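Asker: Next come a sequence and a model predicted from it.
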Amino acid sequence: MAGFIRIGFVFMFILLSISCYSQSDFNLSGKVSSSALNGKKVFINAFQHSSRYYLLFRDSAIIKNGRFKFSGKMQNAAESCAVTIEGSNQREEIILSDGATDLFIETEAAEKFTIKYDTEPNNLFNEMELLEKNHNQSLVEKKIPQSERDSLKLLMRDSEMKLISQNPDNFYSLIKVRYLFKRAFATYSIEEYYRVFQALDNKLKNSLMGKQVQGDFDYAFSLGAGSLLPDFRFRTVSNSVFTRDSLSKKLHLIAFSATWCGPCIKAIPNLLELEKKYGKNGFDVVYINMDDDKVKWKELIEKQKISDWVNLCDTTKSPKSDMVLKFNIAYFPTYFLVDETARIIYNSYLFYDLEHSELEDYIKSFLAKSKR
């Protein structure tokens, strides 16, 4: 079964100036169980839950008489936050909410600690974390083969979506929708995630984060059927420039991949089979390597015997490439099927289509209509 590799970075439009929005005040107070920690620093790093790479702010406070305190402003009513203690490599995630949050850090030394708290976003967060922990533990203990894990993951995702639906006014529900949409998209179609988002309380949807998530959905939908494929500029094996206008007047599968992506390589035989079945009817594969290692790229072309395809390479590695944002790529491989005018027929980002069965249906349907 083909799979996906998700990209560990943020794909969002540049945010509007924070001053345009009302910010939320927070007060984070804490107690520690051990006097040995007096004088040590507690660190907090707030980040977007959909990406550990997008830091919102950081701060530190000194433990005095077994207590510490943080206060400040944040963009949203709740944000993910990592807590660490000076001298420890441990990192515990909490949901920092607006208003007051009380923590109790239970520890004998800074090296290992547990955090206790009681807020609605944190309680839902803990429930979600426990769900995923039990799922992963079950996979290991029961020695579930890889071939059966996708269906079990779908069941876990169903449980997460049910929890979100049961807590439409909990800010962590919005955080989790954003996380699932940005980081675990392949489990559901965009329409299913959007329905869950739409069912959230209006207060959440009208918040700064809610408007950002709506914007992400809008952009994803803009790359749906009937939309013109965004323009691009890549290099061929002979180092010539290839753009959208270079596409011949036929049906093309635009495949975004990377040399380091196992699922991409695993999917190549499926694409070769599609080309074999439909190539004579006006179907071509444009295979785009989103990795700047040209040596490995050319080795892959030769090893996989795909030299008959249009092989292109980005000159910038994927995390830094503006093409990733332009095509809303959340994981590899990502496929666009476009007609002879470069209009999108199929976008794999909008489907849960691991076996490419829907992709083939769209190819057959288009070619059948073209014959009429």
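Answerer: Right, received. Where do you want to start?
Asker: which residues in the chain form helices?
Answerer: 120-141, 146-166, 171-183, 190-198, 202-205, 208-222, 262-278, 294-303, 322-326, 357-371 (DSSP state H).
Asker: What mean pLDDT does the first one get?
Answerer: Computed over helix 120-141, the mean pLDDT rounds to 87.
Asker: okay, the angle between it and helix 146-166?
Answerer: 160 degrees (axes from the mean of the first three to the mean of the last three CA atoms, to 10 degrees).
Asker: Show me what helix 120-141 packs onto, helices and strands only.
Answerer: strand 92-97, helix 146-166, helix 171-183 (3 or more CB pairs under 8 Å, 6 or more residues apart in numbering; DSSP states H and E). (Glycine included, C-beta is placed from N, CA and C.)
Asker: Only the buried residues of that helix, if you could.
Answerer: 120-122, 124-125, 128, 135, 139 (16 or more other CB atoms under 10 Å).
Asker: Please apply the same query to the fifth one.
Answerer: Of the residues in helix 202-205, those buried by neighbour count under the rule 16+ other CB under 10 Å are 204-205.
Asker: Please name the residues that touch Q90.
Answerer: 84, 111-113 (CB atoms under 8 Å, 6 or more residues apart in numbering).
Asker: How much space separates it from V42?
Answerer: Distance of Q90 to V42, given as CB to CB, to the nearest Å: 12 Å.
Asker: Can you list the helices and strands that whichever strand in the chain runs longest packs against?
Answerer: Longest strand of the chain, by residue count under DSSP state E: strand 99-109. With contacts taken as 3+ CB pairs under 8 Å, 6+ apart, strand 99-109 sits against strand 24-32, strand 78-85, strand 112-116.
Asker: Flag every buried residue along that strand.
Answerer: Residues 101, 103, 105, 107 are the ones in strand 99-109 that count as buried (16+ other CB under 10 Å).
Asker: Which of the residues you listed sits closest to F242?
Answerer: T101 (52.8 Å; CB to CB).
Asker: For that closest one, list each beta-bridge partner.
Answerer: Beta-bridge pairing of T101 under DSSP bridges involves L28.
Asker: And the pLDDT at it?
Answerer: pLDDT for T101: 80.
Asker: now swap in V42 and tell me
Answerer: pLDDT, V42: 95.
Asker: Report the contact partners of it.
Answerer: 30, 60-63, 68, 83-86, 105.
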